[in-house]
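Visitor: Requesting a structural model of the entry that follows:
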Amino acid sequence: MTIRVQTLIVGAGQAGLAISRCLTTVGHDHLLVDRGRVAERWRAERWDSFSLLTPNWQTRLPGFRYAGGDPAGFMTRDQVVGFLSRYARSFGAPVRTGVTVTGVDPARPGWLVHTDVDRFHATNVVIATGHYDRPVIPPLAADLPQNVHQVHTADYRNPEQLPAGAVLVVGAGPSGQQIADELACAGREVFLAVGRHRPLPRRYRGHDVYWWMDRMGMLDRTVDTLPDPGASRRAPSVVLAGEERDLSLHRLVEHGVVPTGRLRAADRGRVHFDDDLPVRLAEADHNVRRLQDAVDAYVERHGVDAPVAEVSPTPPATWAHQAPRSLDLARAGVTTVVWATGFSRDYSWINAPVFDAEGEPVQSRGVTAAPGLFFLGLRWLYRRKSNFVDGVGDDAEYLAEVIAGGDQAMREAVA
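Guide: The predicted structure follows:
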């Protein structure tokens, strides 16, 4: 059966729900489909102790925002699911769950969307599957011994889930460092293979770092002001913990974690690391100081009433120069590797000439050159915060105006 709809939205997370709310407001016919439930990725691909990195006051979507009694706190995984579920109910979002989209083809006019349930003929299709789509596991995973348990962060839940023994966490982004810290605090011996990462202080001069970034306009910077948008989209995510504490390699070392350089190779039960840990640590410490300097300059320039900074000197890090260059997994007792190596996007199911050589959509504020095909929720789609819960709403409102405006609005958006 083919179902006709004016606009079909693929994905019922914060991006899909945000544009559904905007289209509902203007009375535009539309439907959302999702392979799972509302907020499925939040339900199924976050560990048990997960929490948002942005404070509760910054949890804002079109027509809906956090209204609890802890604005400075951080939503847990289950609270995010509850928030998005209430959001969907608040405007009666037209969602069909348990529908997996298998293909999007041009239908002239519009688009034919194939699913495992029905077919849809839509004038417009909004791809709102998000930035964090397919887990990435490097090819060298195949070179690890078969008796070593491997799990990506999308499937990690808690320390008790893993076999007894030491753990090698690969990747020092926010997920990697948070999981390494959790495992160490649970009494596990933990090694952390470190690549490029960008820690930030949780608080500085009396306010949360996101309060400063919001106040200073850093989160509203647009992609057209970047010297290299592609590099910014590929840059590592900032490293923070969703609580009143900093997260850094220095702190992890205090908790017993053993950092190493970037994982380079694996063979015959041994893994090998680059000798770049001191360089990565220096870059990370510089990133913290750069943010602090930017806040100091802003305070002085605008006369903001903020307490004087109490900055502790960077602790000595002789451990960075003594990091192991290789590790015999069996001898070190490593029974598990946790891949904190991020996500990629696979759009092979979309039949449209709107992708670059790396498979990323070519778009302007979510509008592509293919009439009626849109993207939402991607990193740096338009603003720095475009893939944040707090940022997707601005992009959704813009796309809803374009979609509701019809062909003329789309032509103007692409021009």
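Visitor: Helix, strand, or coil at residue 132?
Guide: Each residue gets one of three states, and residue 132 gets coil by DSSP: H, G, I helix; E, B strand; the rest coil.
Visitor: Could you do residue 374 as well?
Guide: Assigned by three-state DSSP, the conformation of residue 374 is strand.
Visitor: Skipping adjacent residues, who's closest to it in space?
Guide: Of all residues beyond its chain neighbours, the one nearest residue 374 is residue 126 (4.6 Å), with distances taken as Cβ to Cβ, 6 or more residues apart in numbering. Any C-beta I mention is one placed from the backbone N, CA and C, and that applies to glycine too.
Visitor: where does this protein have low pLDDT?
Guide: Under the criterion of pLDDT under 70, the regions of the chain flagged as low confidence span 407-415.
Visitor: now with 80?
Guide: Applying pLDDT under 80 to the chain flags the ranges 242-245, 310-315, 406-415.
Visitor: Which residue ranges make up the domains of it?
Guide: 2-133+345-414, 136-339 (automatic domain parsing).
Visitor: mind listing what's buried in stretch 76-89?
Guide: Within stretch 76-89, the residues that qualify as buried by neighbour count (16 or more other Cβ atoms under 10 Å) are 76, 77, 79, 80, 81, 83, 84, 85, 87, 88.
Visitor: Using CSV, list the CA coordinates for it.
Guide: Extracted as CSV, the C-alpha positions of stretch 76-89 are listed here (Å, rounded to 0.1, in the frame of the first residue of the first chain):
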residue,chain,number,x,y,z
THR,A,76,19.9,11.4,33.0
ARG,A,77,19.2,9.1,30.0
ASP,A,78,15.8,8.1,31.3
GLN,A,79,14.9,11.7,32.1
VAL,A,80,15.8,12.7,28.5
VAL,A,81,13.5,9.9,27.2
GLY,A,82,10.7,11.1,29.5
PHE,A,83,11.3,14.7,28.3
LEU,A,84,11.0,13.8,24.6
SER,A,85,8.1,11.5,25.2
ARG,A,86,6.2,14.3,27.0
TYR,A,87,7.1,16.7,24.2
ALA,A,88,5.6,14.3,21.6
ARG,A,89,2.4,14.1,23.6
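Visitor: Go through the buried residues of stretch 76-89 and name the one nearest residue 176.
Guide: Proximity to residue 176 was ranked across those by Cβ to Cβ; first place goes to residue 77, at 17.3 Å.
Visitor: how close does the closest one sit to residue 214?
Guide: Here the criterion is Cβ to Cβ, to the nearest Å. By it, residue 77 lies 23 Å from residue 214.
Visitor: that older thread, check the domains of the chain for me and report the most buried one.
Guide: Neighbour counts averaged per stretch over the domains of the chain are highest for domain 2-133+345-414, at a mean of 19; criterion: mean count of other Cβ atoms under 10 Å.
Visitor: returning to what we had before: quick one, phi psi at the residue nearest to residue 374?
Guide: Dihedral angles phi and psi of residue 126 (degrees, to the nearest 10) take the values phi -110, psi 120.
Visitor: these two touch, right, it and residue 18?
Guide: No - the criterion here is Cβ atoms under 8 Å, and residue 126 misses it with residue 18 at 10.4 Å.
Visitor: tell me, what's touching the two both at once?
Guide: Taking Cβ atoms under 8 Å, 6 or more residues apart in numbering as the contact definition, residue 126 and residue 18 share the neighbouring residues residue 376.
Visitor: which strands and helices sit next to the helix or strand where residue 42 lies?
Guide: Assigning secondary structure by DSSP states H and E places residue 42 in helix 40-44. Packing partners of helix 40-44 (3 or more Cβ pairs under 8 Å, 6 or more residues apart in numbering; DSSP states H and E): helix 77-90.
Visitor: contact partners of whichever helix or strand comes after the helix it packs on?
Guide: For helix 77-90, the succeeding helix or strand toward the C-terminus, using DSSP H and E, is strand 95-97. Counting by Cβ under 8 Å, 6+ apart, the neighbours of strand 95-97 from elsewhere in the structure are 12, 20, 31, 32, 33, 34, 36, 37, 38, 88, 117.
Visitor: cool, and stretch 238-257?
Guide: Taking Cβ under 8 Å, 6+ apart as the rule, stretch 238-257 contacts 50-53, 74-75, 172-174, 177-178, 180-181, 184-185, 189-192, 194, 197-203, 209, 259, 281, 284, 288, 314-315, 317, 319-320.
Visitor: so how far is the first residue of that stretch from its last?
Guide: One end of stretch 238-257 to the other measures 20 Å (Cα to Cα, to the nearest Å).
Visitor: thinking again about what came up before, please list the members of the contacts of stretch 238-257 that lie in helices.
Guide: Among these, the ones falling in helices (DSSP state H) are 174, 177-178, 180-181, 184-185, 209, 281, 284, 288, 319-320.
Visitor: In these, find the pair that's most separated.
Guide: Checking those with Cβ to Cβ, the most distant pair is 209 and 319, at 25.7 Å.
Visitor: For the stretch 201-350 of the chain, which segments count as strands?
Guide: Using DSSP state E, counting those that start in this stretch, the strands of the stretch 201-350 of the chain run over residues 203-204, 207-208, 238-239, 258-260, 263-267, 270-273, 326-328, 334-339, 343-344.
Visitor: Make JSON lines out of those strands and add distance to residue 360.
Guide: As requested, these are arranged in JSON lines below (distance: least, Cβ to Cβ, whole Å):
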{"stretch": "strand 203-204", "distance to residue 360": "34"}
{"stretch": "strand 207-208", "distance to residue 360": "31"}
{"stretch": "strand 238-239", "distance to residue 360": "21"}
{"stretch": "strand 258-260", "distance to residue 360": "31"}
{"stretch": "strand 263-267", "distance to residue 360": "25"}
{"stretch": "strand 270-273", "distance to residue 360": "30"}
{"stretch": "strand 326-328", "distance to residue 360": "35"}
{"stretch": "strand 334-339", "distance to residue 360": "22"}
{"stretch": "strand 343-344", "distance to residue 360": "9"}
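Visitor: Please consider this matter closed, and thank you.
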